[in-house]
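Enquirer: I need the structure of the sequence given here:
(2 chains)
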There are 2 protein chains.
Amino acid sequence: MKQSLLFTKTRKESPKDEVAKNADLLIRAGYIHKELAGVYSLLPLGLRVMNNIANIIREEMNAVGGQELFLTVLQDKSPWEKTGRWSDAVVDNWFKTKLKNDTEVGLASTHEEPLTALMKNHIRSFRDLPVYTYQIQTKFRNEARAKSGIMRGREFLMKDLYSFSRDQKDHDAFYEKAKIAYMNVFRRVGLGNKTYITFASGGTFSKYSHEFQTITDAGEDIIYIHEGKKIAVNKEVMNDEVLADLGVKKEDLKEAKAVEVGNIFSLGYRFSEPLELTYLDELGKPQKVFMGCYGIGLGRLMGVVAETFSDVNGLVWPKEIAPFAVHLVELGGEKPEVRECAEKLYAEFNKKGISVLYDNRDLRAGEKFKDSDLIGIPLRVVVSEKMLAEQSVEVKDRKTGEVAKVPLDAIVSYVRAL
Amino acid sequence: MKQSLLFTKTRKESPKDEVAKNADLLIRAGYIHKELAGVYSLLPLGLRVMNNIANIIREEMNAVGGQELFLTVLQDKSPWEKTGRWSDAVVDNWFKTKLKNDTEVGLASTHEEPLTALMKNHIRSFRDLPVYTYQIQTKFRNEARAKSGIMRGREFLMKDLYSFSRDQKDHDAFYEKAKIAYMNVFRRVGLGNKTYITFASGGTFSKYSHEFQTITDAGEDIIYIHEGKKIAVNKEVMNDEVLADLGVKKEDLKEAKAVEVGNIFSLGYRFSEPLELTYLDELGKPQKVFMGCYGIGLGRLMGVVAETFSDVNGLVWPKEIAPFAVHLVELGGEKPEVRECAEKLYAEFNKKGISVLYDNRDLRAGEKFKDSDLIGIPLRVVVSEKMLAEQSVEVKDRKTGEVAKVPLDAIVSYVRAL
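Expert: Below is the predicted model:
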């Protein structure tokens, strides 16, 4: 994409109403726009990052047999009444609205109820199980405060997968697969070595649920990490019994602030029982379906990456989710040979499937480099009269700051090989 | 995808609460699920069709310089108050809800106000124009009645593009390009020769707006078509002045029922004036931005295609938006040689990038064919013991019903060549 056509402008000044580093950086660099506290629009750069995150998640969910669907935001209250979760006294972050005929409807904060009700049309026999469905969809939660930027929104994109199994044994086998798929996601977005499977409270049907907690100073949770086992315990459940269950000693644990980027949960019959989701077993006897749920907040993930990979100059995107692979910066484009060379490189990168933002704007080098650092594309390739004289370009790694001179005719293969 | 893994079941019976043909067919074939009247979830097959439609629209919007973004559902009321559209007396289909602190917020029915407000951060000078932004996003409209299936939803996916231009002249040039892009979209989804650019009421800033009306008995609009000019006039504006403007005679027009699948609209200064979106011209003088908006309802489009391309046996998807290109149906899969052949073909289609639904289920031929007709994938490829004896498969065109015998070793190239 040519930067002259990108409508977003960077800002020097921090927005006055943001305390979260992620929102400050993402707004200044032109990735997001604040509509309301906890409600952010994605601008073109932000949407590109979000799509990259979504595609990684999709690949990992498909790999464990997930089928993608897209449920609605507006929710019929009847299944929620059956599970006892319609009341604002039970679920305190509902957004609700009304149809013309005064019927109350909810805005989706999660989808266990409508999906379980929907599945009654499709699950009849043991042959229909297991089913793993997921979606990447907007959720709404009426948070009292929203001060963490895109890490805790009132409106946010979430991937939620729900599993429907014959029994606990089948469920447990999938649950273990989901753990691996989740760690794949966090590794691929660049958070692998900062993210720990964390034992948390399990609810009615299992002793523990599992959170995926990423270490960051911006975290709202406290966890205790066991580096040897690569696991952690959420402070909320930390006690001698848990330590015994995990076979770890208290003195081997290290306290850290962290943010929950995902969680997986055994639901058991919590929803299939009140909503009467059953299947007929081999003997023709009705049996309750055993369920699980598996969530990742995409906005939160993007926010944590922004918090984690940034420096005083701006964002430092991991390659896998960067909005572009290359920031091609032209200096002195008023010289025809510079412009021609940059245009040629731009075409060549595109042709080879390397995504590139081409800064063809008529600005001073200092301004261009400042913007480039703030936007944080992993690789900067500079075309200038000086470098052209040596038939070369300058390549700068945004993360390490390392600079290399690369011959013009080798730059595309150089970038591809990284 | 293997059909044994597709969780959705087809239904023989029509749902009792649907009067619209599109919803009846799409529910019976397992494409959608009704959550509430006018509120439908997309099941895996439905999501595939919707994604195909979305990608066609994206390509055409990108081709005219559109930049994709993703605005929020929850809306701050202040810009709506400035344009006079917050009141339910003015806009009668608002859904509204409240934050914890009792602040009212709206659910997006359209995005002129928030986007115009957002653009104040990014448009400063004549050099920043034009800007064309679009999104594919969920809209909410509190319709009093919702009886047209996915053709008129209370919650629905919409592509909305907004143009920001220096003046009417620049605007008009883009407006003409948008017309062509729109007709490209409708042609590519298979509705080209049933869709007419239709003159409709223009509002404050132009005499006419343009609707794209597709002829269908399920339509709620009446239009008058001029076949020679490939244009139409909406009944709402039909009078002698319009006929004179278009240079057509009343007797050359043909009345038809139609549904509006898209519309484009010159907004002029309707939003930039109250929201004070201005730019500095070459002389440093502030000027108002001239705007336009351009909408396509994706659900409506999918509904119209379902209404238009279907027969007594079910759906008949146009190739470009079908959920799969090929329905590979195995008959007698308990025979190892049949199963082996079908599996091999399945792998080969996938390898060649031909999307395929593989019916590997243990069901009678009659049931499989009934499902296949209802689901409506353009091409059915049947592997059976009988055909295998001749080293062939049977290929049936869902639309024409034509059947061909194709040698096994030629089937992939046969399909690719269609």
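Enquirer: just want the phi and psi numbers for the residue lying closest to A:Gly314 once chain neighbours are set aside.
Expert: Sequence neighbours aside, A:Leu374 is the residue nearest to A:Gly314 in space, at 3.4 Å (criterion: C-beta to C-beta, 6 or more residues apart in numbering or on different chains). Any C-beta I mention is one placed from the backbone N, CA and C, and that applies to glycine too. Here is the backbone geometry of A:Leu374 (degrees, to the nearest 10): phi -60, psi -40.
Enquirer: any idea how far A:Leu374 is from A:Asp281?
Expert: Distance, A:Leu374 to A:Asp281, by C-beta to C-beta, to the nearest Å: 60 Å.
Enquirer: compare the two (neighbour count), which wins?
Expert: A:Leu374 (18 against 13; other C-beta atoms under 10 Å in any protein chain shown).
Enquirer: check the more buried one and give its pLDDT.
Expert: For A:Leu374, the pLDDT comes out at 98.
Enquirer: test my guess that it contacts A:Thr8.
Expert: No - look at A:Leu374 against A:Thr8 with C-beta atoms under 8 Å: they stay out of range, at 11.4 Å.
Enquirer: A:Gln287: what's it in contact with?
Expert: Listed by C-beta atoms under 8 Å, 6 or more residues apart in numbering or on different chains, the contact partners of A:Gln287 are A:126, A:166-167, A:278-281.
Enquirer: do A:Thr195 as well
Expert: A:183, A:186-187, A:212-215, A:261.
Enquirer: what values do phi and psi take at it?
Expert: According to degrees, to the nearest 10, A:Thr195 has phi -110, psi 130.
Enquirer: so what are the domain limits for chain A?
Expert: With domains defined by automatic domain parsing, chain A comprises A:21-311, A:326-417.
Enquirer: wait, which of these is closest to B:Glu337?
Expert: domain A:21-311 (24.3 Å; C-beta to C-beta).
Enquirer: and for the residue nearest to A:Ala63 when sequence neighbours are not counted, the neighbour number?
Expert: Sequence neighbours aside, A:Ala181 is the residue nearest to A:Ala63 in space, at 6.6 Å (criterion: C-beta to C-beta, 6+ apart). A:Ala181 sits with 21 neighbouring residues when counted by other C-beta under 10 Å.
Enquirer: give me the pLDDT for A:Ala181.
Expert: The model's pLDDT for A:Ala181 equals 98.
Enquirer: hmm, A:Gly65 and it touching each other?
Expert: No - counting by C-beta under 8 Å, A:Ala181 does not reach A:Gly65; the two are 10.0 Å apart.
Enquirer: so who does the closest residue to chain B within the stretch 101-250 of chain A touch?
Expert: The stretch 101-250 of chain A approaches chain B most closely through A:Val131 (4.4 Å), counting by C-beta to the nearest C-beta. Counting by C-beta under 8 Å, 6+ apart, A:Val131 touches A:67, A:119, A:122-123, A:163-164, B:7.
Enquirer: list buried residues within the residues you listed.
Expert: Buried members of the contacts of A:Val131, scored by 16 or more other C-beta atoms under 10 Å in any protein chain shown, are A:67, A:119, A:122-123, A:163-164, B:7.
Enquirer: quick one, strands of the stretch 301-418 of chain A?
Expert: Along the stretch 301-418 of chain A, counting by DSSP state E, counting those that start in this stretch, strands occupy A:310-311, A:314-315, A:326-330, A:356-359, A:379-383, A:392-397, A:403-407.
Enquirer: pick the most deeply packed of these.
Expert: Comparing these by mean neighbour count (mean count of other C-beta atoms under 10 Å in any protein chain shown), strand A:326-330 ranks first with a mean of 26.
Enquirer: what comes into contact with that one?
Expert: Applying C-beta under 8 Å, 6+ apart, the contact partners of strand A:326-330 are A:338-339, A:342, A:345-346, A:349, A:354-360, A:368-369, A:372, A:375, A:377-384, A:415.
Enquirer: how far does whichever strand in chain A runs longest sit from its chain's centre?
Expert: Longest strand in chain A by number of residues (criterion: DSSP state E): strand A:254-268. Distance of strand A:254-268 from its chain centroid, counting by C-alpha atoms, centre = their mean, to the nearest Å, is 14 Å.
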